Every structure is written in structure tokens, then in C-alpha cells.
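**Q** using only what follows, build the 3D model:
(4 chains)
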There are 2 protein chains.
Amino acid sequence: MAARERVLQAAERLFTERGYAAVTLRDIAEALGIRQASLYYHAPGGKEELFVQVTERGLERHRAGLETAISQAGDDLREQLRAAARWLLSQPAMNFARMLRSDMPAIRESEANRLRLIAYQSLIAPLEAAFRPALLDEPGRSSKAGSLAGAFLSIIEGVNNLPESYSREPKEALADFLIDTWIDGLRPRP
Amino acid sequence: MAARERVLQAAERLFTERGYAAVTLRDIAEALGIRQASLYYHAPGGKEELFVQVTERGLERHRAGLETAISQAGDDLREQLRAAARWLLSQPAMNFARMLRSDMPAIRESEANRLRLIAYQSLIAPLEAAFRPALLDEPGRSSKAGSLAGAFLSIIEGVNNLPESYSREPKEALADFLIDTWIDGLRPRP
DNA sequence: GTCTATACACTGATAGAC
DNA sequence: GTCTATCAGTGTATAGAC
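**A** I've put the predicted structure just below:
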């Protein structure tokens, strides 16, 4: 089963880097040093099956990683967000927005809907649960927690997308700075 | 010149929706009710020229829109960000991250570098200038203003990417909420 | 598990008529 | 400005040998 694992890893790397449409089966095969037709041994369903499997795996890994990071960070929201950011930055950026807008419409609708649900449960839900206690006094806090979770994800994904050359500082420091300004506020406190 | 304008608009809509790789010249032609070969009258350079032209146009439009919105909003950062958000939400989401990571690598490097520069000047620079005064006391405030600008863009683009069905509230209200929590801070003030 | 060979649709692009 | 016709190249996918 080591061969199958290699295939999935190569496919995941390319799909997350360039997106569904921009990756060909020949690209994946070439990265593995095998022929394109050989991929059908591991994924009889072809390109779409490969993409769905790899995406589902990646999302599940994110769910586990985020839940562990948050639960081990204690009760403080700032520490929870830092831990979540560190997890996200340790992984190749999933480009959630591209996934939803460009990749999903290119595959069968039933599979797209399944993946959309898993994406919510894996990326949004764990963060939403972390934000909710901070909004105790707010009305409609549940939907607001979801919005904050989405915004947090957008920010960290943006940081993760930056080229290595962008800053001499590590990405983690940038993420921490953004988390701090978000929790403490940009406006100087009186 | 009306025909050329129609071509560019159709191409822009499709490219921003699906990305470079997922759009074919036949898709664009079909949207216009003409044949694929006819596109070469308007863009002799083919698909790449079409993409570069519409992307450049779109970025320039964003620069003008953002600069106008921010300068007309007065001196208050909150109002400036709200105005910038309203402008961004009035336009189809450019999916900046996908553009950089998936689309740019697919075209000639010289063109990609040109577009990257224009993207910075059009999207980041105007917001960076708005953030800078709010960081007067910070060390290294210039680079931090750039990071805040990038984070702001990620957030608003995330909001703009949401499906219409996501919330009964308009996207503008969600953006305002996120701007408020960002400026005032999530932690309740003492 | 991986290969070769091949089918077949689609893609970007060019030439030339109207 | 748009068309038809056509091409070479590339894309996914299948069949069957090793």
C-alpha cells in the first residue's frame, strides 16, 4: 500500500498548489516517475476520484489538527487562535476559496456537496466553537462566531499564501501580530 | 469598438469566476454567441493576451475604485475601511489568492511579473496608505501596514466569495461587523 | 503495479472566404 | 468582424501485455 500512498501525496501536492483544472494526470504521473495510465490502477475513477479522495483526506487532517491544537491551548482565545494558526501554517495552504469557487463546480455535484459539508465541519466548525465563548453578550452570537471563523481562516490562509521571500520574519510572527491586533483592537485603548 | 468591449467583459466574467485554466476560448465565444476563431480578431495573442488584458483592466479599476472610496471617506480609519469594503463588494471577487497561485504561473513569466506589480499597486498600496496613520506609535509600521492591508483584503474577499444563500443579511453588514471587531477588538474593553 | 498502445474528445491556433 | 475549415497538440480514459 506504499505505492498508493505515494500517488495520493503527489496528487495532493499538485492539486492544492494549482487547483483541479490546472493539474493533468500526466503532471501527477510525471511527478511520480510513472505513466499516466498507471494512475488508473490506484484510482479507477480517474482524475475526479483522485481529487475527491485527496481533498477529503486533507480536510479530515485539518479537522483533527485544528481540534487538537485548540483543545490543547487552554481556555484563552488568543492562545487558541495562535495554536490554530500554527497548525494551519504547518500545512500547505488549501486555498479554501479557490476550492469552493473553481474546483468544486468542476466535479460532479453530489461529490462537491459532500466535500463542501466536510470542509465546513473540518475548517469552520472547530474555529467557530473557539470564538463562541468570546461573544457571550452578543445577540445572534452563533452566526457571528461562524463569520469570525471564516474571517480568521481567510487571514491565515492569506499569510500562508505569501511567498517565502515576502518577509524576513517567519509567517508565524505575522500571524501572531494579526491575531493580537484583532483581539486587542487597532484603536489605541484609552 | 463596442464589439471589443463585449469580448473583454465576457472574458473577464469567466476568468474571474473560474480561473485561467478552467476557461476555454470556446467558453468565451459561446457566451458571446460567436465562434472561437473570431476571438483572434480582438486578441491576436490568443487566450493569454485576453487574460492579461482583462486582468490588468480589472486591477486598474480596483485601484481607482479603492482610492476614490478611501479618499472620500474622510480621516477616520473605520469609515475608510467601510468604504473600501463597499467598493470591493460591489465588484465580482477577483480571487487574488487563486490569481497569484494558480493563474500567474500558467502565463509567461514576464507578463506574470507585470501583473503582480500592478496587483500590489492596485489592491495593497491604497489600503496600506489608509492603515499607516493608525500605527503611528508602532515600530516598523510600514511593513505592518502592508500586512494589515493584505489581511483586510483576505477578509473582504472571503465575504465576497460567500454564496448569496449564506446569510439573510447583506454582505455589507457582515463586512461592517468584521471591521468593527477588528478596530475595537474582540476582548471587551475594561 | 506498471507498461504500451490506442481511442477519442477537446484545446489553442492559423488560413482564408465573406 | 465574423465565419468555415483544419491542424497539431494535449487531455482523459480503456484494453491488454508483462
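
**Q** I'd say residue A:145 and residue A:126 touch.
**A** No: look at residue A:145 against residue A:126 with C-beta atoms under 8 Å: they stay out of range, at 11.3 Å. C-betas here are computed from N, CA, C, even on glycine.

**Q** what sits against residue A:94?
**A** Counting by C-beta atoms under 8 Å, 6 or more residues apart in numbering or on different chains, residue A:94 touches A:16, A:58, A:59, A:62, A:123, A:157.

**Q** pLDDT score for the third one?
**A** pLDDT for residue A:59: 98.

**Q** I'd like to know which elements the helix or strand harbouring it is packed against.
**A** Residue A:59 belongs to helix A:46-71 when assigned by DSSP states H and E. Here helix A:46-71 touches helix A:2-18, helix A:25-32, helix A:39-42, helix A:77-90, helix A:109-119, helix A:125-131, going by 3 or more C-beta pairs under 8 Å, 6 or more residues apart in numbering or on different chains; DSSP states H and E.

**Q** save the ones you listed as JSON lines, and put in distance to chain B and mean neighbour count too.
**A** Listed next are the helices and strands packed on helix A:46-71 as JSON lines, based on distance: least, C-beta to the nearest C-beta, whole Å; neighbours: other C-beta atoms under 10 Å in any protein chain shown:
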{"stretch": "helix A:2-18", "distance to chain B": "5", "mean neighbour count": "17"}
{"stretch": "helix A:25-32", "distance to chain B": "12", "mean neighbour count": "17"}
{"stretch": "helix A:39-42", "distance to chain B": "19", "mean neighbour count": "16"}
{"stretch": "helix A:77-90", "distance to chain B": "7", "mean neighbour count": "20"}
{"stretch": "helix A:109-119", "distance to chain B": "10", "mean neighbour count": "15"}
{"stretch": "helix A:125-131", "distance to chain B": "8", "mean neighbour count": "21"}
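
**Q** the residue of chain A found nearest chain B: what's it in contact with?
**A** For chain A, the residue closest to chain B is residue A:185, as judged by C-beta to the nearest C-beta, at 2.7 Å. Contacts for residue A:185 (C-beta under 8 Å, 6+ apart) come out as B:182, B:183, B:184, B:185, B:186, B:187, B:189.

**Q** which of the residues you listed lies closest to chain A?
**A** residue B:185 (2.7 Å).

**Q** tell me the pLDDT of the closest residue to that closest one other than its chain neighbours.
**A** Distance criterion C-beta to C-beta, 6 or more residues apart in numbering or on different chains; nearest residue to residue B:185, sequence neighbours excluded, is residue A:185 at 2.7 Å. Per-residue confidence (pLDDT) for residue A:185: 92.

**Q** my guess is residue A:183 contacts residue A:76. True?
**A** No: under the criterion of C-beta under 8 Å, residue A:183 lies out of contact with residue A:76, with a separation of 9.7 Å.

**Q** remind me which residues of chain A are low pLDDT?
**A** Scanning chain A with the threshold set as pLDDT under 70 gives A:1, A:188-190.

**Q** measure the most centrally placed residue in it to residue A:159 for me?
**A** Nearest to the mean C-alpha position of chain A, by C-alpha atoms, centre = their mean, lies residue A:94 at 4.2 Å. To residue A:159, residue A:94 is 13 Å away according to C-beta to C-beta, to the nearest Å.

**Q** of the contacts of residue A:185, grab the buried ones for PyMOL.
**A** Those of those that count as buried under 16 or more other C-beta atoms under 10 Å in any protein chain shown are selected in PyMOL with:
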select buried, chain B and resi 182+183+184+185+186
